[in-house]
Every structure is written in structure tokens, then in C-alpha cells.
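Undergrad: Have a look at this prediction, sequence included:
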Amino acid sequence: MDIWNPKSKQIRLGMFFKSKQDVDLAVREWNIRRGREIFVVDSKPTLYKVKCYTRNKNYKNPFLVLLFVNGVQPHQSKNSNTCGRLPTGAPAHSCYSTVVRNNNRCLRSKDIGANILPQIRTDIAFKVKHIRTFIKQTMSVDVMYTKAWRGRRKAIERIYGTWDSNFAELLKYVLRLQSRNPSTVVNWFHHPHSAPGHPTFKYVFWAFGPSISAFRLCQPVISVDGTHLKGPYRGKLLVAVTKNANNYIMPLAYALVDEETVHSWC
């Protein structure tokens with residue numbers, strides 16, 4: 001069975017795809033590398049048709065037709081997955097190129113994110129200008145700053161999760177901190193108007209057990225400060241630090257709060 005490989009960047013007649021997302025990605029990347037723009041003629045659970053922008057939209061013969069059939073593997077149940085197969089399609093473009101300004105409309109931000117995953121794994125602060133240069137060198141396409149920025153965000157979300165999923169893991173994360181660091185102190189404060197049975201997080205404070213023990217050997221001075229959190233959750237991170245005998249700064253306690261107020265500092 002000829003199964004599509006994302007690294008090969010090739011599509012052939014009779015090739016199978018594991019999902020419709022793979023079909024969409026493979027077809028668009030294949031056309032982008034040839035300087036062509038395509039649009040979807042028909043998209044159904046069992047059918048996927050695309051053709052070039054240069055062809056009239058009333059033209060009956062599409063450029064590519066992909067047929068979805070049930071693909072049952074030995075280790076899968078009957079309804080666990082589907083495979084897409086490319087039964088018909090043109091071997092090459094016979095139309096003229098539609099890309100004039102080298103800004104291909106078929107290249108989406110999620111495609112950029114898929115192509116820069118190795119760079120983001122190495123450096124999460126991979127700059128947008130470097131992303132634009134990388135896409136230009138590898139795919140010969142000029143991308144706008146905003147599209148490259150969205151592509152970097154999608155790549156980060158694929159590796160590290162979304163803001164919502166990470167924030168939802170905060171409780172498990174803090175519990176794991178306690179289990180791995182004995183004597184760690186954690187104090188939660190929930191919104192007083194939370195729904196019964198569904199407490200809404202407002203503040204959380206924690207101090208690691210080793211920091212509590214080491215404070216007895218530090219200088220009797222505590223410094224406190226706060227910083228703004230970036231992203232959709234506009235909270236504040238409060239930190240208390242001290243100095244040890246070697247004049248090195250040692251963090252004592254942390255707190256995540258909604259606003260920097262007298263109540264939250266207390």
C-alpha cells in the first residue's frame with residue numbers, strides 16, 4: 001500500500017492518506033511548491049475535489065479527486081479510522097501559473113506551523129522574520145508578518161498545548177510539585193461567587209519545602225515584586241526572594257493572582 005509520507009512531499013495516483021487533514025496538507029503543499037494556487041470544488045466525508053484558480057469555476061473536470069474509503073487495519077476496529085485514496089488526478093499542471101506576487105493564497109498559517117516544528121522545538125523564541133526567511137528558502141513563498149506569527153503560535157500549540165489546556169493543567173501541576181517536593185506549602189483562594197461544586201481559581205500561593213528550610217540560613221531580608229503575565233490570561237506573578245550567605249538571590253515563594261493588590265499580596 002502506497003501511503004503518503006509528509007517528508008517525501010510527493011503525491012501519486014493510487015496513494016493512500018491516513019486522514020482528510022493529511023490530504024488537504026499534501027495537496028496544497030504539492031501545488032505551492034509548483035507555484036500554483038488551487039481551490040476546493042467539493043468537500044464531503046467521502047469525497048475531496050480541488051482544481052486550479054486559472055480554470056473556470058464551471059469547468060467540469062477538477063485537477064484532483066480523492067476518494068475516501070473505510071480502511072480497516074488489523075489493530076483497528078471497523079469504525080476507528082478512514083483512509084483517503086487518490087484514484088484520479090492530473091500528473092502535472094497544464095495551466096499557466098497563477099502566482100504573480102509570490103504570495104500563495106494556498107499557504108495557510110497551520111502549514112507554516114507544520115513546517116517550523118523542528119525550529120520551535122529547538123528555540124521557542126524563533127523570530128517571525130526568521131520564519132519568513134525560512135519559508136521563502138524552503139517553499140519559495142513570501143508570507144506576511146501576521147501569517148508567519150500565527151504559524152509560530154500554531155506550532156507552539158502543537159508542541160506545548162494551548163493556553164486553555166495549559167491553564168486547565170494548573171491544579172495537576174501544583175499537586176505534582178507537592179508530591180515531588182516534600183514540605184511544600186500550597187494555598188488556594190477561589191472566587192467567593194463561584195458556582196457550587198465548580199470553584200473558580202482566583203489566587204494560588206506556593207513555597208517549596210527546600211526554600212522554607214534554607215531560609216533559616218539566609219540573610220534576614222525579603223524582597224517582593226510582581227510582573228505582568230502575557231497571553232489571554234492577564235494575571236500577575238508575585239515573587240518573594242532573599243539572599244543566601246554567598247549573596248546569591250534565592251526565591252522563597254510564588255503567587256499567581258488576578259491583580260496586584262493589598263489583598264493578593266497578603
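TA: Nice, I can see it. Since the model is a prediction, treat every value here as computed from it, not as a measurement. Residues are numbered from 1 along each chain as shown.
Undergrad: neighbours around the nearest residue to residue 223 once chain neighbours are set aside, how many?
TA: Counting by C-beta to C-beta, 6 or more residues apart in numbering, residue 223 lies nearest to residue 241, which is 5.3 Å off, once chain neighbours are set aside. No exception for glycine: its C-beta is placed from N, CA and C like everyone else's. If you count neighbours by other C-beta atoms under 10 Å, residue 241 ends up with 16.
Undergrad: Confirm for me that residue 241 is in contact with residue 254.
TA: No: Residue 241 lies out of contact with residue 254 (C-beta atoms under 8 Å); the separation is 10.1 Å.
Undergrad: Helices of the chain, start to end?
TA: 20-32, 109-115, 117-122, 128-139, 145-160, 163-168, 170-180, 209-214, 262-265 (DSSP state H).
Undergrad: Show me the contact partners of stretch 146-155.
TA: 107-117, 120, 126, 128, 131-132, 135, 143 (C-beta atoms under 8 Å, 6 or more residues apart in numbering).
Undergrad: about what we covered before: reformat the helices of the chain as TSV; add mean neighbour count.
TA: Compiled in TSV, these are given as follows (neighbours: other C-beta atoms under 10 Å):
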stretch	mean neighbour count
helix 20-32	20
helix 109-115	20
helix 117-122	14
helix 128-139	15
helix 145-160	18
helix 163-168	12
helix 170-180	12
helix 209-214	14
helix 262-265	12
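Undergrad: Reformat those helices as TSV; add mean pLDDT and distance to residue 53.
TA: Output for these, formatted as TSV (pLDDT from 0 to 100; distance: least, C-beta to C-beta, whole Å):
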stretch	mean pLDDT	distance to residue 53
helix 20-32	78	10
helix 109-115	89	17
helix 117-122	93	29
helix 128-139	92	18
helix 145-160	94	19
helix 163-168	84	36
helix 170-180	89	46
helix 209-214	92	61
helix 262-265	85	55
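Undergrad: Which one, of those helices, ends up nearest to residue 248?
TA: helix 209-214 (11.0 Å; C-beta to C-beta).
Undergrad: helices or strands next to that closest one in the packing?
TA: Helix 209-214 sits against strand 249-257, with contacts defined as 3 or more C-beta pairs under 8 Å, 6 or more residues apart in numbering; DSSP states H and E.
Undergrad: strands paired with the strand it packs on, and their directions?
TA: Strand pairing for strand 249-257, determined by DSSP bridges: strand 201-207 (antiparallel), strand 236-243 (antiparallel).
Undergrad: could I have the shortest one exported to PDB, CA atoms only?
TA: Same thing as strand 201-207. Output of strand 201-207 as PDB, limited to C-alpha atoms (Å, rounded to 0.1, in the frame of the first residue of the first chain):
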ATOM      1  CA  PHE A 201      -9.500  30.000  40.600                       C
ATOM      2  CA  LYS A 202      -8.500  33.500  41.800                       C
ATOM      3  CA  TYR A 203      -5.200  33.100  43.700                       C
ATOM      4  CA  VAL A 204      -2.700  30.400  44.300                       C
ATOM      5  CA  PHE A 205       0.400  30.600  46.600                       C
ATOM      6  CA  TRP A 206       3.200  28.100  46.900                       C
ATOM      7  CA  ALA A 207       6.600  27.900  48.600                       C
END
